[in-house]
Each structure stands twice: as C-alpha cells, then as structure tokens.
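> only the shape, not the letters, is given here:
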Ligand code: BDR
Ligand code: CA
C-alpha cells in the first residue's frame, strides 16, 4: 500500500487527483494539506473535505489548512476565471461533517513524517510553501519522507504564467528553491509531460457511460466542474474541448512511475529578475552543486489517461 500525503490548492484538476488517489485500491491517503493558489487555503480545505466525503473514503483522512501567502508575502489572490468562484467550478458539493485540524499544514506534514519515517510520499499539487515551512521546523524532512513528487515547473516546454515559468513554481519561487536544495528524493511532473496528456469531452462521456455505481456522485461532479475548466482552456489556450492533465498526472506518476520517463539533473529555481519561477536545470558536464531533480521528460499519454479514468469505472 502506498501511503500518500497530498498538498493541494484544491481546484478542478487538484480535485481529480485527490479523487483518483482516494479511489486507487493500492493507495492510502494519509492526509490532505492545503495552501493558497487556485483558491484560498481555507476554501481549498473545505473543498478537500467535501471531496473526501464524496469519494466515500472508508477511513478518515485528516485535512490541515496551510499557507495563505508565499514566503515573500505577495499573493495576488485566487484564480476564479480558471477554477470558478469556489475553486471547483462553482459546484456545490454536500458539506462534510468533518472539520480541518487545528494544526497548521506544515506542522502536520512534519509530525506525520516523524511518525512514519521513510514511509510517506508527499505529492504537492500547489505552491511548495507548506513544504518549505515544514522543512524549517523539521530539517530532517528529506530523510523522513520517502519521496516528494510535485506538479510544477517546466524543463523545455513553454511556461503557463510567463514564457519560462509554471504557476506552482512562479507562485512561490523561494519555497520551491529551498525544496530543490534540501536533498529530497524529488520528482518534477512539469508542463513537459502534463501538457502532453489531454482530457477531452469525449473522455467525460465515456466516464459517464461506464462509471461504477459507487462512483456515480464523483462522475456527476466531474461532469459539472470540468466544463468550467474546458471553457478557460478554450478562451486562454485555443483548446477545442480538451484540457491539460496537470495534477492528476503528478498523482499517477507518484503511484505508478512507469508512465513517465525521467532524467535526473541538478536544478535550482530562479527567484529574482523579471522572470521568477524558472526551473534552471544545469545540463553542463560540470554542473552547479545542487541535488539532482528527477525531471519527467516524457509520458505514455494513452496509458496515463486509461489508468486515471478506469479507476472510476465499473
Ligand atoms: C498548476 O496550477 C494550478 O492552477 C493547477 O491546479 C496546477 O496545480 C498548473 O500550472
Ligand atoms: Ca493545483
């Protein structure tokens, strides 16, 4: 059983990643922590609690609220035009009786890592602020966590918030750079691969047709939430009824690394200048002294989609 901690800014693609993890029989979700990004950290926690209820998880999944702004303290606010007024396309899911923990996200991550040394994979689907703060209070975190798999950054593909940067890294470059330097077993699932995997309206129709009866509420939710995301991708990126699969692919790569091809390269994150958040991978023969990051450079797109979608089917 793969024991996974999820850190998310629970928007539309985060929600698919969370539901997928909750439904994979070989995964146990040990907790969800939230931060600012697609929506506020508090709304992301509310969304996560409702999604956990929607999935009918047979065990309790603690949820902890985290960072409300990047380390440098300059958040511009949520992205309602991408992920809707509440982060999940405006869909009103039934509330959960469960409350978020009193403990902040970073304290929860550090405590869980100490309680389960070498066992937990942390999958970050948002800014790495919570992880950077957890590292501050537990410097041994790179040894205590088994792996960190993150959705973010780009190696050779164009950026999505600047020519060279992806939103999760550009949203808190200082946090990302601290994580890059800390010595985690670190896998980057960036735009090089997430832009290659495309979810289409046809896929949603297939899901609708073959949904397992117990997953009907999940599929009904996706049918309501995804059109919002398709619309944004049509207006912003000229996508005709399709969208990239960012966060769900990171979750899948954590659970089944065989869908991606990686190259391990020393890398840092650009924190200054006019294009912050660029992942700078050093391809020279004698590179900078920085830990190697396992950068996903290719993906078996067909298999990734099949694995993601059939998880919800009968
Ligand atoms: C990333 O940014 C967020 O909007 C998405 O949820 C994803 O994590 C893509 O750049
Ligand atoms: Ca996200």
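Received, thanks. As the structure is a computational prediction, the values presented were derived from the model and not from experiment. Ligands and ions are numbered 1, 2, ... in the order given.
> going forward, measure contacts between C-alpha atoms and count neighbours the same way
Fine.
> what does this structure have sitting close to ligand 2?
Residues of the chain that fall close to ligand 2, judged by CA under 5 Å from the ion: 14, 125-126.
> change it to 8 Å
8-14, 37-38, 125-127, 151, 168, 246-247 (CA under 8 Å from the ion).
> count the residues that sit near the residue of the stretch 151-300 of the chain found nearest ligand 1.
Proximity to ligand 1, evaluated over the stretch 151-300 of the chain using CA to the nearest ligand atom, is greatest for residue 167 at 4.4 Å. For residue 167, the count of nearby residues is 21 (other CA atoms under 10 Å).
> show me what contacts it?
Residues touching residue 167, when contacts are defined by CA atoms under 8 Å, 6 or more residues apart in numbering, comprise 127, 152-153, 160-161.
> which residue ranges of the stretch 51-200 of the chain form helices?
Listed in chain order, the helices of the stretch 51-200 of the chain (DSSP state H, counting those that start in this stretch) span 80-83, 105-115, 129-137, 141-144, 167-170, 173-182, 191-194.
> correct me if wrong, but residue 33 is in a strand.
Yes - with DSSP: H, G, I helix; E, B strand; the rest coil as the criterion, residue 33 is assigned to a strand.
> let me see the ranges of the strands in the stretch 1-150 of the chain.
2-8, 27-34, 63-65, 120-124, 147-151 (DSSP state E, counting those that start in this stretch).
> sheet partners, orientation included, of the last one?
Meaning strand 147-151. Each strand that strand 147-151 pairs with, and the sense of that pairing, follows from DSSP bridges: strand 120-124 (parallel), strand 186-189 (parallel).
> check contacts around the residue nearest the centre of the chain.
The structure's the chain has its C-alpha centroid closest to residue 125; by CA atoms, centre = their mean the separation is 1.7 Å. By CA under 8 Å, 6+ apart, the contact set of residue 125 is 6-9, 14, 150-152, 168, 247, 250.
> can you redo those as CSV with pLDDT and neighbour count?
Shown next, in CSV, are these (pLDDT from 0 to 100; neighbours: other CA atoms under 10 Å):
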residue, pLDDT, neighbour count
6, 99, 25
7, 99, 31
8, 98, 33
9, 98, 32
14, 98, 29
150, 99, 27
151, 99, 30
152, 98, 30
168, 98, 26
247, 98, 29
250, 99, 29
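> closest one of the residues you listed to residue 226?
In terms of CA to CA, no member of these lies closer to residue 226 than residue 14, at 11.7 Å.
> any idea how far the closest one is from residue 247?
For residue 14, the distance to residue 247 (CA to CA, to the nearest Å) stands at 5 Å.
> same check on residue 164?
Distance from residue 164 to residue 247, by CA to CA: 19 Å.
> so what's residue 110 closest to, chain neighbours aside?
Residue nearest to residue 110 in three dimensions, not counting chain neighbours: residue 134, with 5.6 Å by CA to CA, 6 or more residues apart in numbering.
> looks like that neighbour contacts residue 112 (just checking).
No - Residue 134 sits out of contact with residue 112 when judged by CA atoms under 8 Å, with a separation of 10.7 Å.
> among those two, which residue is more densely surrounded?
Relative neighbour count places residue 134 above the other of residue 134 and residue 112, with 22 against 18, counting by other CA under 10 Å.
> which pLDDT value goes with the more buried one?
The predicted structure scores residue 134 at 98 on the pLDDT scale.
> cool, the one 5 residues further on as well?
We note a pLDDT of 98 for residue 139 in this prediction.
> quickly note the distance from it to ligand 1.
Taking CA to the nearest ligand atom, to the nearest Å as the measure, residue 139 and ligand 1 are separated by 25 Å.
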